[in-house]
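Enquirer: Please find the sequence and the predicted model below.
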Amino acid sequence: MQFLENFTPQLIVDSPGRINIIGEHTDYNLGYILPTAIDKTIKFSFQKNGSENTCQIYSLGYDTGFEADLGSIAKSEVQWENYVLGVLHQIALRTDKLRGFDCIIESKLPIGSGVSSSAALECGLAYGLNELFDLGLSKIDIVELSRAAEHNYVGTKCGIMDQYASVMSKEGHVILLDCESLEATYIPIEIAPYRILLLNTNVSHSLATGEYNTRRSECESGVAMIQAQNTEVKALRHVDLQTLATYKDTMDPIVYKRCSYVIEENQRVLDAVKALKENDLKTLGTLMYETHQGLSEQYEVSCPELDFLVDFSKGRDGVLGARMMGGGFGGCTINLVHEDAMEAFIEAASKAYAEKFNIALTAFEAQPREGTSIVK
Ligand code: GAF
């Protein structure tokens, strides 16, 4: 693209991916989550180009770019462009201050690996444009508009977790977020000598978006059934296991399974927070294993590669817990591993995984960091 020859960035923004210690598929059920941003980011470099409507966006990773016209934003056939276009569309719904710009995107985040490169892309772009054009959006506006972009342009009816963690995180903390009230409690993550290790299966099964939306509607249909008896119930957040049990014979068994997972997982988040505060990492690890079992058997969003890695970790020296992370059907496992055991564990897991699936595993440590920020 021509603009690359004369590019002088006026603003550089770093937008992080996220991990989630525990609390999977609870966000859109208005429950609890425990995520934080990590030290793997997407970097955005911006310049105003003086035009009314012309936006030029170039991805260094894909080695390709595209042009968008602010006067006629529409969905693209190319999926990554929709993350960008969706954000531009959402900004245009909120303000008319946006003008033409050029942007170069450089990602250090593995795509499709469950660390939410998509939210990092949406939020980093929205954050940067807000700064560059003084749009007057708050951080929570950026979170909400990025989520709306994902719903409307990408098609995933995601919850709030990924965008919230990408923008609102604080260095060295995890966020206990109540997804109903949006009350956030920042909890220091002091787990030394243990560390957070991500093992990337390097698979991303194409089921992800469709199955994600199906899980969401299964939960909603469970809620609708309970709501018919009790109008106070707006989400699974308002249901306990005892109440759910009274629907065992009438509710579709699959819906019942999904709902029980979500209700149990909400409780696990609260138990995990207690364990974290008491530095009881053994209990935290056990809860992570329970979450994985629920995601695999009740919620059915795991896959053979993730199950294999979690099983492999069990009983290994220095490993307290492991589970799949994010939406599922591929991506990373999150592991709680003693620093002295990291190297041997990575080596053994990589060898076993390659033997079983003939795929190379990628391992990286995740350090909690602050949310989206300005570099320059
Ligand atoms: C994806 C979604 F984007 C999140 O909102 C969340 O539901 C997660 O899957 C599962 O916990 O990352």
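Expert: That came in fine, so what should we check first? Numbers count the residues shown, from 1 in each chain.

Enquirer: Next to the ligand, which bits of the stretch 1-150 of the chain? Give me the list.
Expert: E24, H25, D27, Y28, S116 (C-beta under 6 Å from any ligand atom). For every residue, glycine as well, the C-beta is placed using N, CA and C.

Enquirer: Can you pull the phi/psi pair for the first one?
Expert: Read it as E24. phi -100, psi 140 (degrees, to the nearest 10).

Enquirer: In the protein, where's the longest helix?
Expert: Longest helix in the chain, counting residues (DSSP state H): helix 253-277.

Enquirer: is the ligand contacted by that one?
Expert: No. If you take C-beta under 6 Å from any ligand atom as the test, helix 253-277 misses the ligand, and the best it gets is 9.0 Å.

Enquirer: what packs against that helix?
Expert: On a contact count with 3 or more C-beta pairs under 8 Å, 6 or more residues apart in numbering; DSSP states H and E, helix 253-277 meets strand 32-33, strand 173-178, strand 184-188, helix 208-227, helix 241-245, helix 281-293.

Enquirer: Go again with 6 Å.
Expert: helix 208-227, helix 281-293 (3 or more C-beta pairs under 6 Å, 6 or more residues apart in numbering; DSSP states H and E).

Enquirer: Can you mark which positions in the first one are buried?
Expert: Residues of helix 208-227 classed as buried: 208-209, 211-212, 214-216, 218-220, 222-223, 225-227 (neighbour count, 16 or more other C-beta atoms under 10 Å).

Enquirer: next one: stretch 240-257
Expert: Neighbour-count burial for stretch 240-257 [16+ other C-beta under 10 Å]: L244, Y247, M251, V255, Y256, K257.

Enquirer: hmm, back to that, got the helices and strands packed on helix 253-277 as JSON lines, with distance to the ligand and mean pLDDT columns?
Expert: JSON lines is the format used below for those (distance: least, C-beta to the nearest ligand atom, whole Å; pLDDT from 0 to 100):
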{"stretch": "helix 208-227", "distance to the ligand": "7", "mean pLDDT": "94"}
{"stretch": "helix 281-293", "distance to the ligand": "10", "mean pLDDT": "98"}
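
Enquirer: residues contacting the most centrally placed residue in the chain?
Expert: Nearest to the geometric centre of the chain sits D162, at 3.6 Å (C-alpha atoms, centre = their mean). By C-beta atoms under 6 Å, 6 or more residues apart in numbering, the contact list for D162 reads R18, S116, A119.

Enquirer: from the chain's centre, how far out does stretch 328-341 sit?
Expert: 15 Å (C-alpha atoms, centre = their mean, to the nearest Å).

Enquirer: Show residues contacting it.
Expert: Contacts for stretch 328-341 (C-beta under 6 Å, 6+ apart): 19, 113-114, 193-195, 197-201, 203-205, 207-208, 285, 301-303, 306, 309-310, 313, 317-322, 324-325, 345.

Enquirer: Any of the residues you listed buried? List them.
Expert: With neighbours counted by 16+ other C-beta under 10 Å, those contain buried members at 19, 113-114, 194-195, 197-201, 203-205, 208, 285, 301-303, 306, 309-310, 313, 318-322, 324-325, 345.

Enquirer: Just those residues: which are in strands?
Expert: Counting by DSSP state E, those place 19, 194-195, 197-201, 203-204, 319-322, 324 in strands.

Enquirer: what two of those residues have the greatest distance between them?
Expert: Y194 and S204 (27.8 Å; C-beta to C-beta).

Enquirer: what's the closest non-adjacent residue to K248?
Expert: Y256 (6.3 Å; C-beta to C-beta, 6 or more residues apart in numbering).

Enquirer: any idea how far the one you found is from T250?
Expert: Distance, Y256 to T250, using C-beta to C-beta, to the nearest Å: 9 Å.

Enquirer: Same check on R258?
Expert: R258 is 15 Å from T250, by C-beta to C-beta.

Enquirer: ditto for N82
Expert: For N82, the distance to T250 - C-beta to C-beta - is 40 Å.

Enquirer: Is C123 in a helix, a strand, or coil?
Expert: helix (DSSP: H, G, I helix; E, B strand; the rest coil).

Enquirer: ok, back up a step: can you lay out the helices and strands packed on helix 253-277 as TSV showing distance to S45?
Expert: Below are the helices and strands packed on helix 253-277 laid out as TSV (distance: least, C-beta to C-beta, whole Å):
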stretch	distance to S45
helix 208-227	29
helix 281-293	37
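
Enquirer: show me what contacts A165?
Expert: R18, P35, A37 are the contacts of A165 under C-beta under 6 Å, 6+ apart.

Enquirer: and the last one, which of the three is it?
Expert: What it means is A37. A37 - assigned by three-state DSSP - is strand.

Enquirer: Just the strands from the stretch 1-150 of the chain, written as ranges.
Expert: Counting by DSSP state E, counting those that start in this stretch, residue ranges of the strands within the stretch 1-150 of the chain are 11-20, 32-33, 35-48, 54-59, 64-69, 101-107.

Enquirer: Identify each buried residue in the first one, please.
Expert: Put plainly, it is strand 11-20. Buried positions in strand 11-20, judged by neighbour count with 16+ other C-beta under 10 Å: L11, I12, V13, D14, S15, P16, G17, R18, I19, N20.

Enquirer: Would you convert the residues you listed into a markdown table that also reports pLDDT?
Expert: Listed next are the buried residues of strand 11-20 as a markdown table, based on pLDDT from 0 to 100:
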| residue | pLDDT |
| --- | --- |
| L11 | 98 |
| I12 | 98 |
| V13 | 98 |
| D14 | 97 |
| S15 | 98 |
| P16 | 98 |
| G17 | 97 |
| R18 | 97 |
| I19 | 98 |
| N20 | 98 |
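
Enquirer: So, low pLDDT: which residues of this structure?
Expert: 206-208 (pLDDT under 70).
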